[in-house]
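J.: what shape does this take:
(2 chains)
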Amino acid sequence: MGYDFGKIETRWQKYWSDNKVYHVDIDYNKPKFYVLDMFPYPSGSGLHVGHPLGYIASDIYARYKRLQGFNVLHPMGYDAYGLPAEQYAIQTGTHPAITTEKNIKRYREQLDKIGFSFDWDREVRTNDPNYFKWTQWTFIQLFKSWFNKNSSKAEPITELVAEFEKNGNAAINAATSQEEVFTSGEWKAMSEEEQQEILMNYRLAYISETMVNWCPALGTVLANDEVKEGLSERGSHPVERKMMKQWLLRISAYAQRLLDGLEKLEWSDSIKEIQRNWIGRSEGASVIFNIKGFEDTVEVFTTRPDTLWGATFMVMAPEHELIEKITTPEQKEKIENYVAWAKNRSERERMTEVKKVTGEFTGAYGINPLTGKEVPIWVADYVLSGYGTGAIMAVPAHDSRDFAFARHFNLPVIQVVSKEGEEPTDPSTWEESYDSKDGISINSGFITGMKTKDAIAEVIKRIEEMGIGKGTINYRLRDAIFSRQRYWGEPFPIYYKNGIPYPLDESELPLKLPDVDKFLPTEDGEPPLARAKNWKTKEGYPLETNTMPGFAGSSGYYLRYMDPHNDKEYFSREAGEYWQDVDLYLGGDEHGTGHLIYSRFWNKFLFDLGLAVKDEPYKKLINQGKIQGRSSFVYRVQGTDNYVSFGLKNQYETQKLHVDIDLVDGDVLDIEAFKKWRPEYANAQFILEDGKYYCGHEVEKMSKSKYNVQNPDDLIERYGADTLRLYEMFLGPLEQDKPWDTKGIEGVYRFLKKLWRLFFNEDDKFIVTNEKASAAELKVLHKTIKKIQHDIEQFSFNTGVSAFMICINELSDLNCHKKEILEPLSVLLSPYAPHIAEELWHTLGNEGTVNDADFPKWEEKYLRENTFTYPVSFNGKTRFKLELPVDLSKDDIKKAALEAPETQKWIEGKTIRKVIVVPKRIVNIVVG
RNA sequence: GCCCGAGUGGUGGAAUUGGUAGACACGUUGGACUUAAAAUCCAAUGACCAUUGCGGUCGUGCGGGUUCAAGUCCCGCCUCGGGUACCA
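T.: Numbers count the residues shown, from 1 in each chain, chains lettered A, B, ... in the order given. Model (predicted):
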């Protein structure tokens, strides 16, 4: 019989589940440890081998922490709202809730088979009313809050209203889109509607007419992070820019805190860098330019106020509100055509044609506030309406984009910064602008001769004194568009009275999705919820018909796991105080600009409310790499039914076709199975090599259409979950992308069988003894404990597996069947391979579960060596080895090395110049 | 374009952070066991040269450098992967 993984794994999975071995509660006698995986979207195709990679790693860590005496919170749930289920609903009419439920069931079955230590009693699903109640609740709190820049935190909007009533808004320092200043008298005189409109400019969840990414194919707007290269992330459909009234979250208010918070996080530098770039802080100044012949002024943002003397023209974004007003009659038609053209360009066009310079002159002139010089105002789409003020002063000599524009339209270029120690040159001879901030100002009034850094500071100081501008900081981070014109998402707890949005009373939550006849927009383009009958409040006010985006439910889910069944609050104070934050978070780095920013924002807001205990949700983050597929190919000779083996394909004109990896074993095609696979292959003929058909292979994304999806169930069926767990870890470093290849799985399977042989002989006889372990055996054990512990703490799980293999190889060589060694070993192995470890631990006579054992401690005394084998090298090249006592002095080592018989050969006829001795490392003899 | 990350045998990958390059595993080859196959076990396996034996030379993407010693540090490139896309 030997190692019967099937029997073992079902037995212990049942035991763990029946005895709620992984259930956790608050326990003040133990320190907490919170290990979290990014929860999955339950897709229709189930788990493939890439999904569990991170789950296995975090499971090993969670189990390890538990063995070390921590009270480990290790929950799992589902990000259940999402587009695929809805797209499927549109095609088939099946309600997305049904599809989702079915997929979740499948996921759960697959997850259960892998033997994770999840506390399923804490499962959350974002589409569960008991869960999304709190998503909606948080939205209401956002709606009822504003961001006070003085305290740098969210505060109740009621306090803001009180201040308006007392003093108006003049003294308020808020993150806001409100520009007009009003007095308390003016505030009180306003109608309800006017007041609500103003408050909207302060709310952290607000509705606004804004430029959005509209995806016609999906029929919804998308957030910036959901658009990749001008296409939707889901489905790769074109995206347009469009003005639309949408709900937004004022995440930009938190830009600085999101930036500062990164400092103390144990995240990879790369993902921190991604977030820093996404937040995009830049320091500079806003400067006011008058417009010749108009009362209006244009405000521009620049990071280089020191180059004001070199501004030779100005550029406005095509959306700029002053364009119409200032354009001269002669330029009117050209400008109108240009603006219309620019606005109609798709995002994708804009992006692919970045190098193409376009623009048009308005006929108007701005006046440089420092020099008094007149500069032409242009319109061009290289200036973005969404950033800064939507207008710039162009300094072609020191900005590459302005330079390209100036060259194209023959505008003047004036040098105002030169490299230290270099003479100014004629800009008309330049091939590129001098953008560096490392320089000296020239021809620049009061800053002439100053270094750029000082010049910037000086100009800011002076323009502030003169009242023509001020130092400002701009962030690239945009407010998050929070509404989707979709069905399958959280409904907004919002109703409209006279067209003004109001939040539902919290007692009305959760607001559940209504039934609709179709999951499509209405004829007049309203979102699907507009199809619902009676989609209104008790009083008859219409409810919001948009739904929330995918990131709504995933932004605060880690908090709900702390107290998932609480029906009175998001989570109890006690649970929050005990579990605090996530100690270890595992997931893919593709969430760098989406979930991981939104979630931090959400948490910071809840922290401001006094709910979240920590300012940052995820202390340590590990991004597991993606597992790529290994596709197999057959080569069809053009226009025939003949298929030629890989090695011979160059002799023919061939077509490369994907073939299901299940039909291929080690690149050898199962010809009969291939013929049966699809009707068009039934009559296939083969040109073979050595009687076999060899397939070609390539590494690509794992996907159904490439027939390279490896699903874990088949592997578990064949090798068991422990083998799968070990193999996924053995594949390579956790954080690295790597191709999936089943070839090596036999190796870890053999390892487990070999381990079994230490406990049972060929006749299944238990052969473990109570004999005293030898020094050699103890050394193997303690060396392994040390290595395993070190590797788990470093998240180096691949080297951990190989340490186990080395250990078992050595114990097999030593013929060791001693309980003294094997018992701690079974505990040591249990985080990696919990089923076999639990089984073996029980065969040694233990009761309960191995999860309650203590992680073994290694002791230095067993590791001590008496000798060290020195590599002796000459001029850096190792020539022979020399075994010497460890405690030998440097001089003695040197002496021994020089006296060694092999040394003669290498020093013959040469002089010894130097001898390097590093105790317990190396001996290097330099000759010449 | 800019910002990260990575390049090591036929393959996945090790290398205590400057100290024996290729651990561990796959694959391959040869052998043992077997009527046979599977499973298992043993041996070899970076390349090249020499093989009668001792052995030798080269070798971590490329070119330089620092050092007694470089996969590891420095300078300059090349290739691949990821992020970003006119952010003033």
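
J.: spell out which parts of the stretch 151-300 of chain A neighbour RNA strand B.
T.: Selection of the stretch 151-300 of chain A residues close to RNA strand B by Cβ under 7 Å from any atom of the strand yields A:224-225, A:228-229, A:269-270, A:273-274, A:277-278, A:280, A:282, A:284. Placement of C-beta: from N, CA and C, glycine included.

J.: need the worst-confidence member of the residues you listed.
T.: Lowest-confidence member of these: residue A:229, scoring 73 (pLDDT).

J.: and the nearest residue to residue A:123 once chain neighbours are set aside, how close does it get to RNA strand B?
T.: The shortest distance from residue A:123 to any residue other than its chain neighbours is 5.0 Å, reached at residue A:77 (Cβ to Cβ, 6 or more residues apart in numbering). As for residue A:77, its distance to RNA strand B is 25 Å (criterion: Cβ to the nearest atom of the strand, to the nearest Å).

J.: just residue A:768 next, same as before
T.: Using Cβ to the nearest atom of the strand, one gets 19 Å for the distance from residue A:768 to RNA strand B.

J.: now residue A:202
T.: Between residue A:202 and RNA strand B the computed distance is 23 Å (Cβ to the nearest atom of the strand).

J.: now residue A:55
T.: For residue A:55, the distance to RNA strand B (Cβ to the nearest atom of the strand) stands at 19 Å.

J.: name the helix or strand for that residue, please.
T.: Counting by DSSP states H and E, the element that carries residue A:55 is helix A:52-67.

J.: show residues contacting that helix.
T.: Helix A:52-67 is contacted by residues A:33, A:35-38, A:72, A:74, A:76, A:111, A:114, A:116-117, A:584, A:586-588, A:622, A:624-625, A:627, A:712, A:724-725, A:728-729, A:734, A:792, A:795, A:797, A:827, A:830-832, A:834, A:851, A:853-855 when judged by Cβ atoms under 8 Å, 6 or more residues apart in numbering.

J.: buried subset of the residues of the stretch 151-300 of chain A next to RNA strand B?
T.: Members of these that pass the buried threshold by neighbour count (16 or more other Cβ atoms under 10 Å) are listed as A:224, A:225, A:274, A:278, A:284.

J.: which phi and psi does the third one have?
T.: Translated: residue A:274. The phi and psi values for residue A:274, taken as degrees, to the nearest 10, are phi -60, psi -40.

J.: of the contacts of helix A:52-67, which belong to strands?
T.: Filtering the contacts of helix A:52-67 for membership in strands, criterion DSSP state E, returns A:33, A:35, A:36, A:37, A:72, A:584, A:586, A:587, A:622, A:627.

J.: the closest residue to RNA strand B within the stretch 501-650 of chain A and residue A:206, how far apart?
T.: RNA strand B sits closest to residue A:593 of the stretch 501-650 of chain A, with a gap of 4.8 Å, by Cβ to the nearest atom of the strand. Applying Cβ to Cβ, to the nearest Å, one obtains 22 Å for the distance of residue A:593 from residue A:206.

J.: ok, the two, which is more surrounded?
T.: It is residue A:206, of residue A:593 and residue A:206, that has more neighbours when counted by other Cβ atoms under 10 Å, with 23 against 20.

J.: in space, not sequence, find me the middle residue of chain A.
T.: The structure's chain A has its C-alpha centroid closest to residue A:591; by Cα atoms, centre = their mean the separation is 2.5 Å.

J.: quick check, the residue in chain A closest to RNA strand B?
T.: Counting by Cβ to the nearest atom of the strand, chain A gets nearest to RNA strand B through residue A:747 (2.4 Å).

J.: tell me how far residue A:552 lies from residue A:419.
T.: To residue A:419, residue A:552 is 51 Å away according to Cβ to Cβ.

J.: looking at these two, which one has more neighbours?
T.: Counted by other Cβ under 10 Å, residue A:552 and residue A:419 do not tie: residue A:552 has more neighbours, with 25 against 12.

J.: any idea which element that one lies in?
T.: Using DSSP H and E, the element containing residue A:552 is helix A:550-554.

J.: which outside residues touch that helix?
T.: Helix A:550-554 is contacted from outside by A:38-39, A:79-83, A:126-127, A:131-132, A:135, A:139, A:223, A:480, A:482, A:489-490, A:594-595, A:598-599, using Cβ under 8 Å, 6+ apart.

J.: RNA strand B contacts on the stretch 801-928 of chain A?
T.: By the criterion of Cβ under 7 Å from any atom of the strand, the positions of the stretch 801-928 of chain A lying close to RNA strand B are A:801-802, A:805-806, A:809, A:869, A:871, A:873, A:875-879, A:881, A:914, A:916, A:918, A:921-922, A:924, A:926.

J.: hmm, I was thinking of the stretch 351-500 of chain A
T.: For the stretch 351-500 of chain A, the residues in contact with RNA strand B (Cβ under 7 Å from any atom of the strand) are A:351, A:353-354, A:356, A:358, A:381-384, A:386-388, A:390, A:392, A:399, A:401, A:474, A:476.

J.: so where's chain A uncertain?
T.: By pLDDT under 70, the weakly predicted segments of chain A are A:1, A:666, A:690.

J.: how is it carved up into domains?
T.: Residue ranges of the domains in chain A are recorded as A:27-121+A:551-623, A:139-265+A:479-531, A:281-475, A:627-706, A:714-862, A:865-927, according to automatic domain parsing.

J.: distance to residue A:11 for the ones you listed - can I get that in a markdown table?
T.: Formatted as a markdown table, the entries for those read as follows, by distance: least, Cβ to Cβ, whole Å:
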| stretch | distance to residue A:11 |
| --- | --- |
| domain A:27-121+A:551-623 | 11 |
| domain A:139-265+A:479-531 | 40 |
| domain A:281-475 | 56 |
| domain A:627-706 | 29 |
| domain A:714-862 | 8 |
| domain A:865-927 | 42 |
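
J.: which stretch among these comes nearest residue A:3?
T.: The closest approach between residue A:3 and any of these, judged by Cβ to Cβ, belongs to domain A:714-862 at 4.0 Å.

J.: quick one: terminal-to-terminal distance for the closest one?
T.: Terminal residues of domain A:714-862 lie 42 Å apart, using Cα to Cα, to the nearest Å.

J.: now do the contacts for the closest residue to residue A:740 other than its chain neighbours.
T.: Nearest residue to residue A:740, sequence neighbours excluded (Cβ to Cβ, 6+ apart): residue A:627, at 4.8 Å. For residue A:627, the set of contacting residues under the criterion of Cβ under 8 Å, 6+ apart consists of A:48, A:49, A:50, A:53, A:702, A:731, A:737, A:738, A:739, A:740.

J.: rerun that using 7 Å as the cut-off
T.: With contact set as Cβ atoms under 7 Å, 6 or more residues apart in numbering, residue A:627 has these partners: A:49, A:50, A:53, A:702, A:738, A:740.

J.: roughly how far does it sit from residue A:418?
T.: Taking Cβ to Cβ, one finds residue A:627 at 53 Å from residue A:418.

J.: neighbours around the closest residue in space to residue A:669 that isn't next to it in sequence, how many?
T.: Excluding its sequence neighbours, the residue lying closest to residue A:669 (Cβ to Cβ, 6+ apart) is residue A:693, at 4.2 Å. The burial count assigned to residue A:693 is 23, neighbours taken as other Cβ under 10 Å.

J.: hmm, residue A:693 is touching residue A:645, no?
T.: Yes - between residue A:693 and residue A:645 there is a contact under Cβ atoms under 7 Å: 5.0 Å.

J.: where along the stretch 451-600 of chain A do the helices fall?
T.: If you assign secondary structure with DSSP state H, counting those that start in this stretch, the helices in the stretch 451-600 of chain A sit at A:452-466, A:550-554, A:557-560, A:573-579, A:595-608.

J.: what are the C-alpha coordinates of the third one, in CSV please?
T.: Read it as helix A:557-560. This file holds the C-alpha atoms of helix A:557-560, laid out as CSV (Å, rounded to 0.1, in the frame of the first residue of the first chain):
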residue,chain,number,x,y,z
TYR,A,557,-13.1,43.4,3.8
TYR,A,558,-10.2,42.7,6.0
LEU,A,559,-11.9,44.6,8.8
ARG,A,560,-15.1,42.6,8.5
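
J.: so which residues make contact with that helix?
T.: Here helix A:557-560 makes contact (Cβ under 7 Å, 6+ apart) with A:36, A:39, A:77, A:124, A:126, A:131, A:134, A:570, A:571, A:582, A:612, A:617.
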